[in-house]
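>>> 3D model of this:
(one chain, ligands or ions: 1)
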Amino acid sequence: MKKKIFQRDIIAGLSRKKKIIPSKYHYDYQGSKYFEKITKQKEYYPTRKEKEILKRISKKLPKMFKGNLSFCEIGSGAVDKIKILINKNVKFYFPIDISAKFILKASKNLQKKYPRLKIKPVIADYNRPFKIKNFPKTTKVFFFLGSSIGNFHSGDDVKFLKNLSKCIDKKSYLFIGVDLVKKPIIINKAYNDKAGYTAKFSLNLINIINKNFNSGLNIKNFSYIGIYNKKLRSLQGFLISKCKQLFKIGSRYFHLRKDEKIQVEVSNKFTPKSFKSLVKKGNFKTHSYWTDKQKYFSIFLLKR
Ligand SMILES: C[S@@+](CC[C@H](N)C(=O)[O-])C[C@H]1O[C@@H](n2cnc3c(N)ncnc32)[C@H](O)[C@@H]1O
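Residues are numbered from 1 along each chain as shown. Next up is the predicted model:
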């Protein structure tokens, strides 16, 4: 992560009337470890449901795609879900992630399990144009899982898809995991897990800020809450200041009032209809989609 860009983004977010920190800054090594813990919590249905759908898709893959395949996973994290899909036709795997140390370690472990698969981790910010060097001449299948498409603030999801449509040719495929609108209580429980890993994941941002900017913030002066906004169909995660605070980022001072919130997480939910509309705006076409039995989660297959 480039410190200059991080500083620019943090200052811009904290200068807003409603303070905000982009969620991609959660992911240092410790942040990625906490996220992995979140995915294993009982209340956190997205991972469980997405895996259920992926298992069904994996049975169809050999018929869907013939010949040699290259898998490219955007925001791959622990490279866990891809294991459900890897078959003998998959010759290359490109996991792309911002969390450098985590993705390198996860790729190394995956290599031990699949010694013949060519794994080439790419450390990049997927919000910026990225390129895979020497992409082999195979059918390319892209994945953007974990409902990461819901983690964009207004309009940035369309921008992301439009940019991606420039990196994906007409013969390639894109699978996207999409969390669906459901009863607020289920979403609220998922993002406020009992064991407190979502809170730890968000509070870790304070450590990251201190490490980078020597801001002297005390993690004990913050709490975390995730609240589902039914009208916006969006889960919003906040760090709440327990007291008045003054801190520095570079040469800029920031004040926090007691009970002032900093938004650190956004997880937008979709209906199949609203997602299809987003897909169109992003220059893709919906080829097909699957949901789990309870219709909590969906996976869309897109083409350009
Ligand atoms: C919500 S997690 C999903 C992880 C995994 N795909 C899954 O389904 O469990 C988001 C992942 O994307 C990565 N990430 C977040 N923002 C990113 C960005 N702007 N560029 C590259 N990777 C990013 C994080 O490091 C993390 O591994």
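>>> how about the strands in the stretch 51-200 of the chain?
For the stretch 51-200 of the chain, the strands defined by DSSP state E, counting those that start in this stretch cover 69-74, 90-97, 118-119, 122-123, 139-144, 173-179.
>>> List the buried residues of stretch 16-25.
19-25 (16 or more other C-beta atoms under 10 Å). To be clear about C-beta, it is placed using only N, CA and C from the backbone, and glycine gets the same treatment.
>>> Can you narrow the residues you listed down to the ones near the ligand?
The subset of the buried residues of stretch 16-25 within reach of the ligand, by C-beta under 6 Å from any ligand atom, is Lys24.
>>> Where helices are concerned, which of the buried residues of stretch 16-25 count?
Among those, no member falls in helices (DSSP state H).
>>> any idea how far the ligand is from Ile96?
Here the criterion is C-beta to the nearest ligand atom, to the nearest Å. By it, Ile96 lies 6 Å from the ligand.
>>> What about that residue, how many residues nearby?
Using other C-beta atoms under 10 Å, Ile96 has 22 other residues around it.
>>> now Gly146
When neighbours are counted by other C-beta under 10 Å, Gly146 comes out with 23.
>>> Tell me the confidence at it?
pLDDT for Gly146: 98.
>>> My read is that it contacts Arg48, right?
No: using C-beta atoms under 8 Å, Gly146 is not in contact with Arg48; the gap is 12.0 Å.
>>> What parts of the stretch 51-200 of the chain come near the ligand?
75-77, 81, 97-99, 125-127, 145-146, 148.
>>> rerun at 5 Å
75, 77, 97-99, 125-127, 145-146, 148 (C-beta under 5 Å from any ligand atom).
>>> Could you identify the least confident member of those?
Asn127 (91).
>>> residue contacts, the residue nearest in space to the middle of the chain?
Compute the mean C-alpha point of the chain, and by C-alpha atoms, centre = their mean the closest residue is Ser148, 3.4 Å away. By C-beta atoms under 8 Å, 6 or more residues apart in numbering, the contact set of Ser148 is 74-75, 177.
>>> For this protein, identify the residue most remote from the centre.
Lys244 (31.7 Å).
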